[in-house]
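> what follows is a predicted protein model with its sequence.
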Amino acid sequence: RKEVEQDPGPFNVPEGATVAFNCTYSNSASQSFFWYRQDCRKEPKLLMSVYSSGNEDGRFTAQLNRASQYISLLIRDSKLSDSATYLCVVNVGTGGFKTIFGAGTRLFVKA
Amino acid sequence: NAGVTQTPKFRILKIGQSMTLQCAQDMNHNYMYWYRQDPGMGLKLIYYSVGAGITDKGEVPNGYNVSRSTTEDFPLRLELAAPSQTSVYFCASTDRGLPQETQYFGPGTRLLVL
């Protein structure tokens, strides 16, 4: 079982749609959680950190469920510019931690 | 600030050749990382450094070497290129290496070994 698992997609949605990405992690010592965005042939860039209380940044909402070891990202009112791959990233451990990247979920938003 | 820069952007190597992938950051970050990204896979950590003069192995270090003589530069060396090293290589940095910190990535180097 992969340490961080994501639905590979691709997700094909029309502009204006709401889309949800799921991510599960296997290590209960995981302590920091992130969503990164990666455009085609580009480097990953931080989209948002994920907090236990849930957090929102404009059209993007991230949720964390520690009991279920599950992270989600919701994108409302999708734009063409949202087309990218979304990486779920987890830091495991405290003193010496390890960063685990999910393989990513690809999103295509169409006009 | 340029952030994290990498050269070259793309390179084709023959089996057995060697090369150095360059990485530099101008954010005065202490921690630097090298990752490889294969199609359909998550990024894998090759080597990392917690400061000048200190380096350590990551998850997939075989076939690679690194050095960190300055805070700014963290080159990755491939000594005997193999087809299995065909990948996209990303360098990244963080300020203090804390788990809640953002990683800043360079634009990547695409390497093809034939």
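Arrived safely, thanks for sending. These figures come from a predicted structure and were not determined experimentally. Numbers count the residues shown, from 1 in each chain, chains lettered A, B, ... in the order given.
> going forward, measure contacts and count neighbours with C-alpha atoms only.
Noted.
> near chain A, which residues of chain B?
B:40-44, B:90, B:99-100, B:102-108 (CA under 8 Å from any CA of the partner chain).
> which SS class is the closest residue to chain A within chain B?
Ranking the residues of chain B by distance to chain A (CA to the nearest CA) places B:Gly42 first, at 3.9 Å. With DSSP: H, G, I helix; E, B strand; the rest coil as the basis, B:Gly42 sits in coil.
> what's the local residue count around it?
Residues contacting B:Gly42 under the criterion other CA atoms under 10 Å in any protein chain shown number 20.
> swap in B:Gly40?
B:Gly40, neighbours per other CA under 10 Å, totals 11.
> skipping adjacent residues, who's closest to it in space?
Nearest residue to B:Gly40 in three dimensions, chain neighbours excluded: A:Ala103, at 5.8 Å (CA to CA, 6 or more residues apart in numbering or on different chains).
> that's a helix at that neighbour, yeah?
No. Counting by three-state DSSP, one finds A:Ala103 to be coil, located in no helix.
> now do it, the pLDDT please.
Note for A:Ala103: predicted pLDDT of 95.
> likewise B:Ser18?
pLDDT, B:Ser18: 97.
> which residues sit in contact with it?
When contacts are counted by CA atoms under 8 Å, 6 or more residues apart in numbering or on different chains, B:Ser18 touches B:Arg77, B:Leu78, B:Glu79, B:Leu80, B:Ala81.
> secondary structure class for the fourth one?
For B:Leu80, the reduced secondary structure class is coil; criterion used: three-state DSSP.
> in this structure it contacts B:Gln17, no?
Yes. Distance between B:Leu80 and B:Gln17: 5.4 Å, which falls inside the contact criterion (CA atoms under 8 Å).
> so which residues on chain A come close to chain B?
A:31-33, A:42-46, A:91, A:94, A:97, A:100-104.
> out of the residues you listed, which is most surrounded?
The most crowded member of the residues of chain A next to chain B, judged by other CA under 10 Å, is A:Gly104 (29 neighbours).
> for it, which non-adjacent residue is closest in space?
Of all residues not flanking A:Gly104 in the chain, A:Leu87 sits nearest, at 4.3 Å (CA to CA, 6+ apart).
> tally of neighbours for the one you found?
If you count neighbours by other CA under 10 Å, A:Leu87 ends up with 28.
> residue contacts, the residue of chain B closest to chain A?
B:Gly42 is in contact with A:Ile100, A:Phe101, A:Gly102, A:Ala103, A:Gly104, counting by CA under 8 Å, 6+ apart.
> dump the residue contacts of the nearest residue to it once chain neighbours are set aside.
Closest residue to B:Gly42 apart from its sequence neighbours, by CA to CA, 6+ apart: A:Ala103 at 3.9 Å. Contact analysis of A:Ala103 by CA under 8 Å, 6+ apart lists A:Glu5, A:Gln6, A:Pro8, A:Leu87, A:Cys88, B:Gly40, B:Met41, B:Gly42, B:Leu43.
> can you tell me the SS state at the first one?
Looking back up the chat, that one is A:Glu5. Secondary structure, three-state DSSP: A:Glu5 is strand.
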